[in-house]
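Participant: I would like the atomic coordinates for the input below:
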Amino acid sequence: MGLFKKAINQVRKPSGPLGGLMLMSMTLGHARLSAWGRTHIAPPEPREIVDLGCGGGRNTAALLKQYPSARVTAVDYAPLCVEKAARHNRAAIAQGRCTVLEGDVSHLALEAGKYDLATAFETIYFWPNLEKCFAEVARVLQPKGRLIIVNESDGTDSTGQRFENMIDGMKCYTAEEIEAALRIAGFSSIQADHYKGKPWMTIVAAK
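Facilitator: Model (predicted):
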C-alpha cells in the first residue's frame, strides 16, 4: 500500500503518528461543517448527549460549551481518538460532565433509554450494517430522543465518491438511503437539510 493510500485510510480508524496528523487535519477541516450541523439542534435543550464517532473530541467540547447543563458521553472505536478526546475534554471529565469511552456503535455498551440527543459527525460512512447501528442508537435514546447526522458528502458528489473508492469500508449514503435505514430502525419525523452550494447534509431523526 502506497503512502497516500495509507494516509487516506487513517480517516477510518486513526492510529500512530500518521493517524494523529490525519485526526488533526480532519478536525480543522470539518470545523465549519460541524458548526453548521449543530445549528440544527432545536429546543428543548438536551441534558444527556452521546457523541458517536467522537474523533478527537472537538465536537464533544463544542456540545459541552453550547449546552452548559448537559452531560456528554463521547464514543469512538479507535483507541487514539479516545485518548485525544479524553485529553481535549479533561476539564469536563474532572467536573463529571463528560465521559469518553472506546466502543462500537453496532454494539453500544450504554444504558437503554438514557440519552435525549445522539450526534454523528462525519462518521456513519464507516458504520457496518447501517440499520443495525441505527437500531442501537434508537435503543439508547429516550422516547422522542433525537439523532443528528452531519455529513460532508450527500452521496452524489464526485469528491465523496472518489474518497469512497480510495478508503476501505467507506460508503457515502444519499439522504434517501439514510432515511430508509432510519425508518427500519424505528425512527420517524426525519428531516434532511442541504447546505447551499456544497454537498453538506444534516439529517435530524426522532424516535
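Participant: sec struct for the residue nearest the centre of the chain, please.
Facilitator: Note on the chain: the residue nearest the mean C-alpha position is residue 120, at 2.2 Å, using C-alpha atoms, centre = their mean. Under DSSP: H, G, I helix; E, B strand; the rest coil, residue 120 falls in the strand class.
Participant: shouldn't it be in contact with residue 53?
Facilitator: Yes: look at residue 120 against residue 53 with C-beta atoms under 8 Å: they come within range, at 6.0 Å. C-beta here means a position set from N, CA and C on the backbone, and glycine is covered the same way.
Participant: So the residue nearest to the centre of the chain versus residue 149, what's the distance?
Facilitator: With distances taken as C-beta to C-beta, to the nearest Å, residue 120 is found 5 Å from residue 149.
Participant: Residue 159 too?
Facilitator: Computed with C-beta to C-beta, the distance linking residue 159 and residue 149 is 19 Å.
Participant: what about these two, which has more around it?
Facilitator: The residue with more neighbours, out of residue 159 and residue 149, is residue 149; 27 against 11, by other C-beta atoms under 10 Å.
Participant: Test my guess that the more buried one contacts residue 202.
Facilitator: Yes: using C-beta under 8 Å, residue 149 makes contact with residue 202 at a distance of 6.9 Å.
Participant: who's in contact with the longest strand along the chain?
Facilitator: What stands out as the longest strand in the chain, according to DSSP state E, is strand 141-151. If you take C-beta atoms under 8 Å, 6 or more residues apart in numbering as the criterion, strand 141-151 is touched by 33-34, 36-38, 40-41, 46, 48, 113-122, 124-125, 134, 137-138, 172-173, 178, 182, 187, 200-207.
Participant: hmm, try it at 7 Å
Facilitator: 33-34, 37, 40-41, 113, 115-122, 124, 137, 178, 187, 201-207 (C-beta atoms under 7 Å, 6 or more residues apart in numbering).
Participant: for this protein, what are the low-confidence residue spans?
Facilitator: Where the chain drops to pLDDT under 70, the residues are 1-29.
Participant: all strands for it, in order.
Facilitator: Using DSSP E, strands in the chain cover 48-52, 71-76, 98-102, 115-121, 141-151, 188-194, 201-206.
Participant: Switch the ones you listed over to a markdown table; also include distance to residue 62.
Facilitator: Putting the strands of the chain into a markdown table (distance: least, C-beta to C-beta, whole Å) gives the following:
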| stretch | distance to residue 62 |
| --- | --- |
| strand 48-52 | 9 |
| strand 71-76 | 10 |
| strand 98-102 | 12 |
| strand 115-121 | 10 |
| strand 141-151 | 12 |
| strand 188-194 | 19 |
| strand 201-206 | 15 |
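Participant: Which among those strands is found nearest to residue 165?
Facilitator: Residue 165 lies closest to strand 141-151 among the strands of the chain, at 17.1 Å (C-beta to C-beta).
Participant: Name every strand pairing with the closest one and say which way it goes.
Facilitator: strand 115-121 (parallel), strand 201-206 (antiparallel) (DSSP bridges).
Participant: chain center to that strand: distance?
Facilitator: Relative to the chain's own centre, strand 141-151 is displaced by 11 Å; criterion: C-alpha atoms, centre = their mean, to the nearest Å.
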